[in-house]
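Undergrad: fold the following for me, if possible:
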Amino acid sequence: MKLTEDIKPITYMKTRSSELIKTVRESKRPVVITQNGQARAVVIDIDSYEKQKEAILLLKIIAQGEEEIKARKIIGQEKFFSKLDKKLGL
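TA: Numbers count the residues shown, from 1 in each chain. Below you'll find the predicted structure:
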């Protein structure tokens, strides 16, 4: 993150919103918006946002799987595929 480029005051966002969005879209870098000298929001391009959401979802699935392993809520591979075949009507 380049502090001089990637942190902007809210007045910049108000007066140059089109320019801000173009910069974020082209650079693929987030921009921190400040208000009264404190960070208040982050503007990111839509592709980065969607990738972050997918990554968070994947991490949640992994964490859930780890918790199930710790709680011994596991079944063997053969039993799993047998149950899956029954649900799919195979």
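Undergrad: distance between the ends of stretch 30-44?
TA: Using Cα to Cα, to the nearest Å, the end-to-end distance of stretch 30-44 comes to 5 Å.
Undergrad: show me the chain divided up by domain.
TA: 3-44, 47-88 (automatic domain parsing).
Undergrad: out of those, which is the most enclosed?
TA: domain 3-44 (a mean of 13; mean count of other Cβ atoms under 10 Å). All C-beta atoms are positioned from the backbone trio N, CA, C, and that covers glycine.
Undergrad: by mean pLDDT, flag the weakest helix or strand of this structure.
TA: Scoring the helices and strands of the chain by mean pLDDT, DSSP states H and E places helix 3-6 at the bottom, with a mean of 71.
Undergrad: state the mean pLDDT of whichever strand or helix holds Lys60.
TA: In the assignment (DSSP states H and E), Lys60 maps to helix 46-70. pLDDT averaged over helix 46-70 equals 95, rounded to a whole number.
Undergrad: neighbouring contacts of that helix?
TA: Lys28, Pro30, Ile44, Ile74 (Cβ atoms under 8 Å, 6 or more residues apart in numbering).
Undergrad: what of stretch 18-38?
TA: For stretch 18-38, with Cβ under 8 Å, 6+ apart as the criterion, the contacting residues are 1-2, 5-10, 12-13, 39-45, 47-48.
Undergrad: let's see it at 7 Å
TA: Outside of stretch 18-38, the residues that reach it under the criterion Cβ atoms under 7 Å, 6 or more residues apart in numbering are 1, 6-10, 12-13, 39-45, 48.
Undergrad: go on, stretch 73-86?
TA: Residues outside stretch 73-86 that contact it (Cβ under 7 Å, 6+ apart) are Glu68.
Undergrad: middle-most residue in the protein, spatially?
TA: If you average the C-alpha coordinates of the chain and look for the closest C-alpha using Cα atoms, centre = their mean, you land on Gln52, 2.1 Å from that point.
Undergrad: what about that residue, distance to Ile69?
TA: Relative to Ile69, Gln52 is positioned 26 Å away (criterion: Cβ to Cβ, to the nearest Å).
Undergrad: Ser48 now?
TA: From Ser48 over to Ile69 (counting by Cβ to Cβ), the distance is 32 Å.
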